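Student: Okay, here's the prediction I keep looking at, along with the sequence it came from:
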Amino acid sequence: MPTGGRRGIDEGTTLDRSSTGRQNQPMSPLGPDLAPASAPAPAGVQPRVVTLHVNGAPRTATVRPYDVLLDVLREELNLTGTKRGCDMGTCGCCAVLIDGRPRLSCLMLALDAVGRNITTIEGLRPGAGLDSVQRFFAEAGGSQCGFCTPGFIITARALLDANPDPDEAEIREAISGNVCRCTGYVKIIQAIQRAAEEERAGDTADGR
């Protein structure tokens, strides 16, 4: 799967890489989830208590002007399903839905998410089992180490919401911003195809 020139399927499902302009920090040698804590706030930069609408509920968090959404989700709200990967916007591990569109939380300032609807992997089907994409990732073997899986599922969910009947080329385009180093992508694509087929069948049965 190519990792350059990523655009996404269309306007509604592009994996948005809008940069915060912050300097990327080096990864910890202990692994991406053990990166060093953020430095203390510079003098004159005061944190704010804000309300974020996450997974259908208001959540309060203490946010500094330069905090990215990924850090706030993981460290303040304990939503660790969203993974820290490259911290550069190239791997897609940190994807979340912002007003239904996939965005890279490592490149989005947390303050820019105030007033927006944020959905993490934990919120796709809260209290109602697995989302169909999640289930078929498990059944089709779309996950191996699993680290990249939340980002793929978030991106796939946005794709199917915008395009219930994507062909393989459209699926490949939509997930081209997500990097997997284990599966070879074939089973990931099959999982998304099977989820799309089941959802279309369900819509037909419901008369939609």
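Tutor: Everything's here; your move.

Student: Can you give me the buried ones in the longest helix along the chain?
Tutor: When the chain is parsed with DSSP state H, its longest helix is helix 186-205. For helix 186-205, burial by neighbour count (16 or more other C-beta atoms under 10 Å) applies to 187-196, 199. All C-beta spots, glycine's among them, are computed from the backbone N, C-alpha and C.

Student: Could you export these as TSV, including distance to L73 and pLDDT?
Tutor: Listed next are the buried residues of helix 186-205 as TSV, based on distance: C-beta to C-beta, whole Å; pLDDT from 0 to 100:
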residue	distance to L73	pLDDT
K187	27	96
I188	23	97
I189	27	97
Q190	29	97
A191	24	97
I192	24	98
Q193	29	98
R194	29	97
A195	24	97
A196	28	97
E199	27	95
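
Student: Please identify the helix or strand for R135.
Tutor: Element membership for R135 (DSSP states H and E) is helix 132-140.

Student: ok, back up a step: show me what the longest helix of the chain is packed up against.
Tutor: The helices and strands touching helix 186-205, judged by 3 or more C-beta pairs under 8 Å, 6 or more residues apart in numbering; DSSP states H and E, are helix 132-140, helix 149-162, helix 168-174.

Student: Tabulate the ones you listed (TSV), appending mean neighbour count.
Tutor: Below are the helices and strands packed on helix 186-205 laid out as TSV (neighbours: other C-beta atoms under 10 Å):
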stretch	mean neighbour count
helix 132-140	20
helix 149-162	25
helix 168-174	18
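
Student: Mind checking the ones you listed for the one nearest to R84?
Tutor: Of all these, it is helix 149-162 that lies closest to R84, at 10.8 Å by C-beta to C-beta.
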